[in-house]
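J.: what follows is a predicted protein model with its sequence.
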Amino acid sequence: MTNRVIVDLKKLKRFRKVVDVDLRRKGNGPIRKALKQWAYRYRSFARRRWLAQSKGGGDWPVLKPQTIARRRKKSDKILIDTATMLGGFTPEFGNKPGQIEEDISFGIRVGLGGSSPHPRGGVTLGDLYRIHHFGQGRVPARPLVVQPDAATVRGMRSDMKRAMKEAAEGG
């Protein structure tokens, strides 16, 4: 005795194509849109962290009194004097100085850098980010690009789950 089972794989093939195209940077479907949402979420997280760290009491070393005295507003906020560097973590990607967002295969690259000059001159934003992230000379390390917190990761997971569902439904 034998049975013949016929399975219609059209939906599965369409799902595979949507996912494959989006992950290889060739589409603008639900998976690629979820990755763009991840970039927004990460920059939002990083900006909140930066603002919290800038007030002191976090992982970043506080400013020395001499540094505060040299600043134009005499503020003790860390890495916030002109807010130029912080602009790299504006949640919406607007190709602002310092912002990096790049579609890559199987993901999206988000970070800080670039060749835009800092308003005070003499150095690029990319150089300043590196100096402060890793530390250099008398400048202590103040990590800027770090792993996202658990809440951000949960949001990213939810974004991708929604995107996969949309892709499975033919989106």
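T.: Arrived safely, thanks for sending.
J.: and the gap between residue 133 and residue 111?
T.: 10 Å (CB to CB, to the nearest Å). Backbone N, C-alpha and C define where each C-beta goes, glycine included.
J.: out of the two, which sits in the busier spot?
T.: Legend: neighbour count by other CB atoms under 10 Å for residue 133 and residue 111, higher for residue 111 (21 against 16).
J.: mutual contacts of residue 133 and residue 111, please.
T.: Both residue 133 and residue 111 are in contact with residue 145, where contact means CB atoms under 8 Å, 6 or more residues apart in numbering.
J.: and the nearest residue to residue 81 once chain neighbours are set aside, how many residues sit next to it?
T.: Excluding its sequence neighbours, the residue lying closest to residue 81 (CB to CB, 6 or more residues apart in numbering) is residue 71, at 5.3 Å. Number of residues near residue 71 (other CB under 10 Å) recorded here: 14.
J.: swap in residue 95?
T.: Residue 95: 8 surrounding residues under other CB under 10 Å.
J.: okay, and it sits in which element?
T.: Per DSSP states H and E: residue 95 is located in neither a helix nor a strand.
J.: may I have the phi/psi pair for it?
T.: Note on residue 95: backbone dihedrals following degrees, to the nearest 10 are phi 60, psi 30.
J.: going forward, begin numbering at 300 instead of 1
T.: Sure thing, new numbering starts at 300, so read that last one as residue 394.
J.: and it, how far from residue 437?
T.: Distance from residue 394 to residue 437, by CB to CB: 33 Å.
J.: repeat that for residue 399.
T.: From residue 399 to residue 437 the distance is 27 Å (CB to CB).
J.: so which of these two has more stuff around it?
T.: In this view residue 399 and residue 437 are compared by other CB under 10 Å, and residue 399 has more residues nearby, 17 against 7.
J.: any idea what that one is bridged to?
T.: Per DSSP bridges, the residues bridged to residue 399 are residue 410.
J.: picking up where we left off before, pop out the phi and psi values for the residue nearest to residue 380.
T.: Residue 370 adopts backbone torsions of phi -80, psi 150, taken as degrees, to the nearest 10.
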